[in-house]
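> for reference, the sequence and a predicted model appear below.
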Amino acid sequence: MTILVTRPEPAAAELVSRLHAIGKQAWSLPLIEFAPGADLPSLPQTLAGLRADDLVFILSQQVIHYAQHRIKAWPPELDYYAIGRSTALAFHTVSGQQVTWPHAQETSEELIRLNTLQQVAGKRALILRGDPGRELLAETLTRRGAEVTFAACYQRRQKHYDGPVEGRRWRDRGVSVLVVTSGEMLQQLFSLFPAVDREEWLLNCRLIVVSERLATLAAGLGWQDIQVADGADNDALLRALR
């Protein structure tokens with residue numbers, strides 16, 4: 001099998017390198033790239049305005065990458081939550097703070113199931129994320145009585161490719177497995193190629209995704225051979241691809 005990894009850099013190059021090391025044929029086609037978010041300059045003041053036991057949510061490692069240059073010390077009196085294990089470990093490394101994360105999957109759906117987030121009425125919740133981002137976490141916390149604010153620590157930008165050219169390239173290289181780690185990228189991948197490439201090649205590839213939500217979205221677009229990895233980090237994706 002030949003694998004096409006669509007996640008952003010540097011994670012895409014790392015996964016491709018690890019696949020090559022175990023004898024797999026793999027290529028990367030990053031569909032998005034990152035840039036600093038609009039709320040980074042005010043982030044120190046926003047954190048300082050929180051009270052003891054208020055909630056801070058770190059929704060990706062990109063948040064940490066951009067925020068760590070703005071925050072000299074993360075307040076120890078706050079309760080920190082991460083979207084998954086890899087993000088939690090990265091945040092603990094740079095902050096020294098304890099952080100809670102869902103152990104099942106790295107998704108907002110699993111995060112809001114944590115017992116400690118069932119009773120949050122009267123607390124402030126600061127969500128550190130990219131722009132744009134999903135609303136499930138914010139909507140759920142608001143329904144449970146929390147006062148939710150956002151800080152866009154980074155922004156996502158679509159990378160632009162010539163669809164017909166890329167279709168020929170990856171079909172000629174025999175790509176039969178696709179790795180996609182977000183709904184935004186899944187829709188972008190589907191829309192990138194001409195209809196003939198979608199029908200004759202793209203939708204016949206095996207698709208590796210990172211949540212049941214993405215699997216449902218992929219099935220709605222026409223994929224049939226869909227596998228859900230047990231996490232969103234490269235370790236989990238590598239296990240799914242072995």
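Right, received. Where do you want to start?
> now the lowest-mean-pLDDT helix or strand in the chain, how far from the centre of its chain.
Here the helix or strand of the chain ranked lowest by mean pLDDT, DSSP states H and E is helix 108-111, holding a mean of 89. For helix 108-111, the separation from the chain centroid amounts to 12 Å (computed by C-alpha atoms, centre = their mean, to the nearest Å).
> what's in contact with it?
Contacting residues not belonging to helix 108-111 are listed as 57, 59, 81, 83, 101-102, 104, 117, 134, 136-137, 211, 213 [C-beta atoms under 8 Å, 6 or more residues apart in numbering]. Every C-beta, even on glycine, is put in place using the N, C-alpha and C of the backbone.
> try it again at 10 Å.
Helix 108-111 is contacted from outside by 57, 59, 81-84, 100-105, 117, 127, 129, 133-140, 211-213, using C-beta atoms under 10 Å, 6 or more residues apart in numbering.
> of those, which belong to helices?
L136, L137, A138, E139, T140, E212, R213 (DSSP state H).
> contacting residues for the closest residue to the fifth one other than its chain neighbours?
Excluding the flanking residues, the one nearest T140 by C-beta to C-beta, 6 or more residues apart in numbering is I112, at 4.7 Å. Applying C-beta under 10 Å, 6+ apart to I112 gives the contacts Y81, P102, Q118, L136, L137, E139, T140, L141, R143, R144.
> hang on, the last one packs against T116?
No - using C-beta atoms under 10 Å, R144 makes no contact with T116, being 11.7 Å away.
> returning to what we had before: out of the ones in helices among the contacts of helix 108-111, which two sit at the greatest distance?
The distance between the two most remote of the ones in helices among the contacts of helix 108-111 (C-beta to C-beta) is 20.8 Å, for A138 and E212.
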